[in-house]
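Colleague: sequence unavailable; structure follows:
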């Protein structure tokens, strides 16, 4: 699920040029505080924007630098630093910032921005354009696993039952779960009649024969009612019959919620992330209740999460912040430092595989699938390898599932084809949902 923090629509990707005045981010007030507890990223950001509006570019730059120091390798801040350095005539520093973006493997159409008109004809700028162009080179050898003959689903996740060899695909717009059996037959597994809103993350508990799904009343869903805004929950289904066993709901009275993804441990505990009111929730088998597990001022937009092999640590992606490791017993939260030449922002789905993490990163341009090598103490990401990027079949890849040594994932969720009023584009504008397979 996309970030709930920025942009002109509910879920915003980092793509193309982001100008100063469009950069405000609604972060918790005390997020990323320094040791003196006096300034935060939000504080620096507000001061930077105010200074820019007053045409005090030097002060704006100073504050963006301070914000960037607290959020390593955040593309939006780096880009705006480049814009301001250019405006101040500090061309060497502008090129340095643009080079950093290029080294992160990202693409920005800087040649189309008037902000860089004064340096457009310089040799250094032309060299950077070649580097950005190189970042658009297709990477990967994915194969088509299957497609669904259905339009306007707006797919978000895929799950798999190894016992019956059945896939499940969730629909955000049509508020349902579609199943595909081993013979290729598709049917509706559950829909709006079960109380489902937009269906987001899903996980199969093959041992206990359950399908778990998060569902939230998003603007992109059909038949949405005003009073449903901000409602969210976790739904538990019987895999054999499709019967809804129980739903665990969060009310919208004191705050709005958007449970987006979930994971299970060996004991059958369910953990789910709330992207709107940042938190992690838990369902314990012995209590059968949805309880608040963890809030933390560092969280801004929790997304994908997964258990490490030790079943004691949860790795969690935050769309705006990066990656965190959570000790389940102590609830201690550790921010995972990124490599110098990689960004961990914009990660949606997250999956543990043989000591590494597999991540769908749809909050950067290009959208990509990456493999992250972790330190043994879960404090650092040592390396980032791009498995798939610039695939012409991509239209906002989202969540997936690991089956043995293959990763299956939604390649074309097509979020932009439904507006914030729940109105879908005409059928001819849609592609059939496509699930790709990548050998890990």
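Modeller: That came in fine, so what should we check first? The structure presented is a predicted model; accordingly, all values stated were derived computationally and were not measured.

Colleague: once you drop chain neighbours, what's closest to residue 174?
Modeller: Distances taken as CB to CB, 6 or more residues apart in numbering put residue 153 closest to residue 174, at 5.6 Å, once the chain neighbours are dropped. All C-beta spots, glycine's among them, are computed from the backbone N, C-alpha and C.

Colleague: helix or strand: which one has the one you found?
Modeller: In the assignment (DSSP states H and E), residue 153 maps to no helix and no strand.

Colleague: next: residue 233.
Modeller: strand 232-238.

Colleague: strand partners of that strand, parallel vs antiparallel please.
Modeller: In the sheet, strand 232-238 lines up against strand 210-216 (antiparallel), strand 244-250 (antiparallel) (DSSP bridges).

Colleague: contacts for it?
Modeller: Under the criterion CB atoms under 8 Å, 6 or more residues apart in numbering, residues 177, 189-190, 194-197, 209-217, 243-250, 257-259, 262, 270, 272, 274, 276, 281, 283, 290 lie in contact with strand 232-238.

Colleague: from these, list the buried ones, please.
Modeller: Among the contacts of strand 232-238, those classed as buried by 16 or more other CB atoms under 10 Å are 177, 189-190, 194, 196-197, 210-217, 247-248, 250, 257-259, 262, 270, 272, 274, 276, 281, 283, 290.

Colleague: on that earlier part again, quick check: the residue nearest to residue 174 vs residue 178, distance?
Modeller: 7 Å (CB to CB, to the nearest Å).

Colleague: burial count for the closest residue to residue 199 other than its chain neighbours?
Modeller: Distances taken as CB to CB, 6+ apart put residue 170 closest to residue 199, at 3.8 Å, once the chain neighbours are dropped. Counted by other CB atoms under 10 Å, the residues lying close to residue 170 total 31.

Colleague: any idea how far residue 353 is from residue 170?
Modeller: From residue 170 over to residue 353 (counting by CB to CB), the distance is 22 Å.

Colleague: check residue 205 too.
Modeller: According to CB to CB, residue 205 stands 19 Å off from residue 353.

Colleague: what's the answer for residue 166, then?
Modeller: Taking CB to CB, one finds residue 166 at 22 Å from residue 353.

Colleague: please identify every residue contacting each of residue 153 and residue 178.
Modeller: With CB under 8 Å, 6+ apart as the test, residue 153 and residue 178 both reach 169, 171.

Colleague: who's in contact with the residue nearest to residue 199?
Modeller: Per CB under 8 Å, 6+ apart, neighbours of residue 170: 155, 156, 157, 158, 176, 177, 178, 199, 200, 201, 202, 213.

Colleague: what is the fifth one paired to in the beta sheet?
Modeller: Looking back up the chat, that one is residue 176. In this entry, residue 176 is beta-bridged to residue 171, by DSSP bridges.

Colleague: burial measure for it, as a count.
Modeller: 21.

Colleague: now swap in the third one and tell me
Modeller: For residue 157, the number of neighbouring residues by other CB under 10 Å comes to 31.

Colleague: so it makes contact with residue 200?
Modeller: Yes: taking contacts as CB atoms under 8 Å, residue 157 lies within contact range of residue 200: 6.4 Å.

Colleague: on that earlier part again, and residue 348, which of the strands paired with strand 232-238 is closest to it?
Modeller: Nearest to residue 348 among the strands paired with strand 232-238 is strand 210-216; the distance by CB to CB comes to 13.3 Å.

Colleague: so how far is residue 213 from the residue nearest to residue 199?
Modeller: 7 Å.

Colleague: now do the helices in the stretch 101-250 of the chain.
Modeller: 123-134 (DSSP state H, counting those that start in this stretch).

Colleague: secondary structure class for residue 82?
Modeller: Secondary structure state of residue 82, per DSSP: H, G, I helix; E, B strand; the rest coil, is helix.

Colleague: can I get the strands paired with strand 232-238 in TSV with distance to residue 47 and mean pLDDT?
Modeller: Below are these laid out as TSV (distance: least, CB to CB, whole Å; pLDDT from 0 to 100):
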stretch	distance to residue 47	mean pLDDT
strand 210-216	34	98
strand 244-250	35	97
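
Colleague: out of those, the one nearest residue 109 is which?
Modeller: Distance to residue 109, taken as CB to CB, is lowest for strand 210-216 among these, at 32.7 Å.

Colleague: neighbouring contacts of that closest one?
Modeller: Contacts of strand 210-216 (CB under 8 Å, 6+ apart): 159, 161, 168, 170, 175, 177, 189-190, 196-205, 231-239, 245, 257-262, 264, 270, 272.

Colleague: sorry, back to before: now, among the contacts of residue 170, which is nearest to residue 387?
Modeller: For these, the nearest to residue 387 is residue 158 (16.8 Å; CB to CB).

Colleague: distance check, that closest one against residue 166.
Modeller: Counting by CB to CB, the gap from residue 158 to residue 166 is 11 Å.

Colleague: equivalent analysis for residue 63, please.
Modeller: Taken as CB to CB, the span from residue 63 to residue 166 is 53 Å.

Colleague: just residue 115 next, same as before
Modeller: 51 Å.

Colleague: one more: residue 130?
Modeller: Going from residue 130 to residue 166 by CB to CB gives 47 Å.

Colleague: more crowded one of these two?
Modeller: More neighbours surround residue 166 than the other of residue 130 and residue 166, with 19 against 9 (other CB under 10 Å).

Colleague: burial of the residue nearest to that one when sequence neighbours are not counted, as a residue count?
Modeller: Of all residues not flanking residue 166 in the chain, residue 181 sits nearest, at 5.0 Å (CB to CB, 6+ apart). Per other CB under 10 Å, the neighbour tally for residue 181 reads 13.

Colleague: I am finished for the moment; much appreciated.
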